[in-house]
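*Asks:* Test case, fold it:
(chains A, B and C)
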Amino acid sequence: MSKAKTFKGGIHPSYNKHLSSDKEIVEAPLPEVVALPLNQHIGAPAKPIVKRKDKVKAGQLIAETGGFISAPVHASISGIVKAIEPVEHPLGKKVDAIIIESDGKDEWVEFNPVDNPFAADADTIRDKIKEAGIVGLGGATFPSNVKLSPPEDKKIDFVILNGAECEPYLTTDHRLMVEKTEEVVTGLKLAAKVLGVDKIYIGIETNKPDAISKMEKEIGDDGQVIPLQVKYPQGSEKQLISAITGRETPPTSLPMEVGAVVFNVGTCLAIYEAVFQGKPLFERVVTLTGHGVKNPGNFKIRLGTYVAELVEFSGGYKDNAAKLVLGGPMMGRAVPTDGIPIIKGTGGILVMTQSELIVRYYSDCIRCGKCIEACPNNHNPQLLGILIEKERFDKISEEQLEEIVLDDCFECGSCTYVCPAHRPMVQFFQQAKSYFNNKKKKR
Amino acid sequence: MNEIIIAVVVLAGIGLVAGILLSYFSKVFHVEQDPRIEEINENILPGANCGACGYAGCRDFAKAVIEAAKNGEDLPECPPGGPEVAQELASFLGLEHGGSERKTALVKCAGTSERANERAQIRSVQDCRTAALYGGNKECQYGCMGYGDCVKACPYDAIKIYQGNIAIVDPEKCTGCGICIDICPNNVIELVPSSRQTHVLCNSQAPTKATRSACSVGCIGCKLCQRKDKDFSIENNLAVYNAKKGKEEAAFSCPNNVIVNTWQFSVAAFVESTTAREQFAARKTEYKKLEKEKRKKAAAARKAKKAKAAPKKKEDKSE
Amino acid sequence: MKTRSFIVSGAPHIHENSSIHKIMWNVFAALIPASFVSVYAFGMDSVRVLGVSVISCIVLEIIALLFMGRNWKAAFDGSAAVTGLLLGLTLPAGISTGIILVGAVVAIIIAKQVFGGLGNNPFNPALTSRVFLLIAFPGPLTTWPLPRGLENIKDFMGVATVKAGDAITTATPLGAIKENAVKAMPSIQVNDLFLGVHTPGSIGEISALALLIGAAWLLYKKIITWHIPVATILTVFAISLLTHLISPDKYADPFFHLFAGGLIIGAFFMATDYVTAPIFNKGKLIYGVGIGILTIIIRLWGGYPEGVSFAILLMNSTTPLIDRFTVPRPFGFRKARNQS
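*Replies:* Numbers count the residues shown, from 1 in each chain, chains lettered A, B, ... in the order given. Now for the predicted structure:
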């Protein structure tokens, strides 16, 4: 085993993974009601094909794909469709969701797996994955079948399993790698086969030694486990590729450009389940953690389960719970209420306490340069932040910061994390991005 | 003494040489420019360089005006200057002027913090545009969030945030430049002709149920106003009014008091002051009472008519 | 199902817990050893100069912030205190309180708040003020009282001591060199310069050791990076070594140039001022080299015996330019250009 690899830049937040890293995955009880938003993925929202008062079974298709980059939605419990109405969505705005009331029977539709998947042809498997509604479960929620069908002129050299899980607190991928080693590795191998690639890398941060040893044993000679330095954002796609293969993905292009495809651990498991068992994506594992809940842990839940219901099952909030974050503390979104469904891209639920809230006023940039050191993309968050704060959007276009920097920034939050002036850089960038998006739309 | 003379001579020499060079180069590199540009820029335009016209300042606008006049196109509009400037420009260039009406901005929301339900307590945000990224602070996603991005953006100081976190435009100061409209993430500001006297103070395009649960002064698209005044129309669950002056009855018929007639109240008073609201409510009850009486009378009349007609019918049947 | 509401705010939801406050007070703490040495060497005079300078800077900052309608509590973020302390440390011990107050006004009001406060000043406030005082009050600013232990000497490095008022004053080592060239060299030991207790000079610049202890603290705390000080010092060392080898009679040896005068305090505490220094590492190296070259040029061939403050101020003005031309390559960027 060589020295742990990494990328340039990054930060070392306190990880707090101990809260849930030793907790085995527990299956949560059947929810009474689920809300399944129609866009749980990047791309066009799905189109509902059920009506109010329809009876559905778990696994039944209830909304079909709404475009090329889109994913279908399946019922996650059996019961009756109560309504199709807007609900709070983890991404902020309210969106339409299919609300299903459970009948308590938990009847599943019949699954039809692919026979002997490793011998089947690639298109069959792609179709199966598409049918199952699988999207990247790491949070980006990019439809997986699109990732598995690269344009013909792009040669794919590597398939990488992203087991870095660099977000503090989250332990979903860690537990899956330890508990579902075989399924994850099989799913990964299948993905590699579909892409016609024989080089498989598995990147795991060195703070998960049990996962490293288990995965090493399982993959054997078919692939290579690469230990990675514990650093945020090690699990970002482009940073991971550069750490493992040394290839830098150019700004505004997909990792396919440098011949690499990266899969999340949960996605590999979903691919395995979809192909070998025929089971569509209606369950996932989430980490419920933070100092604001009594019993942190890892739970297997039905999609669409309300956060409130899961927390209640786990043992409830502590009294000083003040902030609910879907995702990790660096890139997750704070949501105003726990009456919000868990969707495909939700990897973790973090409850923070009153004392963990950070200051909200900020001062002028003192040019300390810490953000520049922290930026994994080697950008200059300092200058961009000032320009956006002063609303010099014209200057941003003039200096071509819009294309190279702004589009390429994936809002990892490293700059904001280290800023001694507490400048909300990520907010600035989000604001600028929406400004330029609106401008493009208006044009 | 000698040194001083040398210094003076040297400096004067440098000045002379530089002067000659300057005058020479200004001839050589002379850029031909229409003198009317300066004339327009200095004498006709407001000179605020607000950029509302879409050009980089008044000078640029003046250039565009000359260009348009040369090509026989329509002159670009100067929103702050309004019709007067357009008229002046046209007469300066010897063109005919079509005439445009002065427009002012209107914030189509009256959902103060007491009237609209809070969705989330947002920290670490001081402006509307970022708040919008997090879904906004109000249950209603179409209304004014009241962080005042438009206030900061307004070059004429015409917008204020009133009590209860609602932006209100002062129509006297507003020049209709439209900068606030571009800034507002919820598109709650609209340019209306300043002669319009009836406004729908709501922007909610959400379905009835959602609007009702979010805000006590939201338009729920019930079409009652449309029944009283045909100038109202309902688009996307929202009443729209595009005529000059609506009927009083339409305002009174609105269950959530969304419609304001500026010939009764100013928009600011209607949004902000409770007395104006109470006054309005009192008039409304009076109107309703009258209406009820009228209806009663009408019903009675109908009944009487029916009573008159009924026996006849019976007779007819019996026969 | 009972729901509960939560506070919404932007990601990230955790913070390193660093703050301007912590950084500035750490810099302040790093200057404490040098301040102690100065109190040992110059006694209560040094306490007076430093105290007046720090307190007046903080008070002026409060006044300026109140005047501009900002939060006056920001005056206690430590930046004004550091400016005050740095200003005090660059002054001679015998300076009158009035001049210090003028210096504080120049530093806080003219060099800092007029430009928009912390983060927006193009020039280092403490140095701007010191240079202003040096030009406005050349006499008091170059009158160096004798430190403890040297009270009874007749001449320092060949420059006779002068009785000015009730204090005995003399030249700094650099001043002596300027006046007497290297003839003065044998009478001063580099050792003495390094420890600094037996050399006249500004309050803060006399002991290189104390300053280096503070600098080590800043480097350990990752408040400053090595780029600027190392580039500056190496440049000064290299050029002075070269000149010394060419003409040992005319030019002092490199170690003398390192430890005499304000090079150490300048390179570690003033050139590294975040606001006025370049932000990228490559730029920091260029900036450091520039300071080194200018310093040694002024020292060897300029009109003043010491040039660090001028050098830093001059390089401050090049910071925006340096920043513009040293933007690092964004991740994956060059490849994209080559391919297209």
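
*Asks:* Residues in contact with the helix-or-strand element of chain A with minimal mean pLDDT: which ones?
*Replies:* Among the helices and strands of chain A, helix A:401 carries the lowest confidence by mean pLDDT, DSSP states H and E, at a mean of 76. Defining contact as Cβ atoms under 8 Å, 6 or more residues apart in numbering or on different chains, one finds that helix A:401 is touched by A:383-384, A:387. (C-beta placed from N, C-alpha, C; glycine too.)

*Asks:* ok, 10 Å please
*Replies:* Identification of contacts with helix A:401 by Cβ atoms under 10 Å, 6 or more residues apart in numbering or on different chains yields A:379-380, A:383-384, A:387-388, A:395, A:407, A:409, A:432, C:330.

*Asks:* Show me which residues of the stretch 51-200 of chain B sit near chain C.
*Replies:* Counting by Cβ under 10 Å from any Cβ of the partner chain, the stretch 51-200 of chain B comes close to chain C at B:118-125, B:130-131, B:133-137.

*Asks:* Mind doing that once more with 6 Å?
*Replies:* Counting by Cβ under 6 Å from any Cβ of the partner chain, the stretch 51-200 of chain B comes close to chain C at B:120-124, B:134.

*Asks:* Tell me how many other residues surround the residue in the stretch 201-319 of chain B that chain A sits nearest to.
*Replies:* Residue nearest to chain A within the stretch 201-319 of chain B: B:Ala210 (6.5 Å; Cβ to the nearest Cβ). Residues within reach of B:Ala210, counting by other Cβ atoms under 10 Å in any protein chain shown, total 20.

*Asks:* The nearest residue to it once chain neighbours are set aside: what secondary structure?
*Replies:* Ranked by Cβ to Cβ, 6 or more residues apart in numbering or on different chains and with sequence neighbours excluded, the top spatial neighbour of B:Ala210 is A:Pro86, at 6.5 Å. Using DSSP: H, G, I helix; E, B strand; the rest coil, the secondary structure recorded for A:Pro86 is strand.

*Asks:* List the buried residues in the host helix or strand of the residue of the stretch 201-319 of chain B closest to chain A.
*Replies:* In this assignment (DSSP states H and E), B:Ala210 forms part of helix B:208-214. When neighbours are counted by 16 or more other Cβ atoms under 10 Å in any protein chain shown, the buried residues of helix B:208-214 are found to be B:210-211, B:214.

*Asks:* Check stretch A:337-357 too.
*Replies:* Neighbour-count burial for stretch A:337-357 flags A:337-353, A:356 (criterion: 16+ other Cβ under 10 Å).

*Asks:* Residue numbers of the stretch 101-250 of chain A in contact with chain B?
*Replies:* Within the stretch 101-250 of chain A, no position lies close to chain B (Cβ under 6 Å from any Cβ).

*Asks:* ok, how many other residues are close to residue 201?
*Replies:* Looking at chain A here, since you left the chain open. By other Cβ under 10 Å, the residues close to A:Tyr201 number 21.

*Asks:* To clarify, I was referring to chain B.
*Replies:* B:Leu201: 24 surrounding residues under other Cβ under 10 Å.

*Asks:* mind checking the longest helix of chain A?
*Replies:* The longest helix of chain A (DSSP state H) is helix A:425-442.

*Asks:* what is the mean pLDDT for that one?
*Replies:* The pLDDT scores in helix A:425-442 average 84.

*Asks:* Restricting to C-alpha, output that helix in CSV.
*Replies:* Only the C-alpha atoms of helix A:425-442 are listed here, as CSV (Å, rounded to 0.1, in the frame of the first residue of the first chain):
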residue,chain,number,x,y,z
MET,A,425,-18.6,33.3,-0.2
VAL,A,426,-20.8,30.3,-1.1
GLN,A,427,-23.9,32.6,-0.9
PHE,A,428,-22.2,35.1,-3.1
PHE,A,429,-21.4,32.5,-5.7
GLN,A,430,-24.9,31.1,-5.6
GLN,A,431,-26.2,34.6,-6.1
ALA,A,432,-24.0,35.3,-9.0
LYS,A,433,-24.8,31.9,-10.6
SER,A,434,-28.5,32.7,-10.4
TYR,A,435,-27.8,36.1,-11.8
PHE,A,436,-26.0,34.8,-14.8
ASN,A,437,-28.6,32.0,-15.3
ASN,A,438,-31.4,34.6,-15.4
LYS,A,439,-29.4,36.7,-17.8
LYS,A,440,-28.9,33.7,-20.1
LYS,A,441,-32.6,32.9,-19.9
LYS,A,442,-33.7,36.4,-20.7
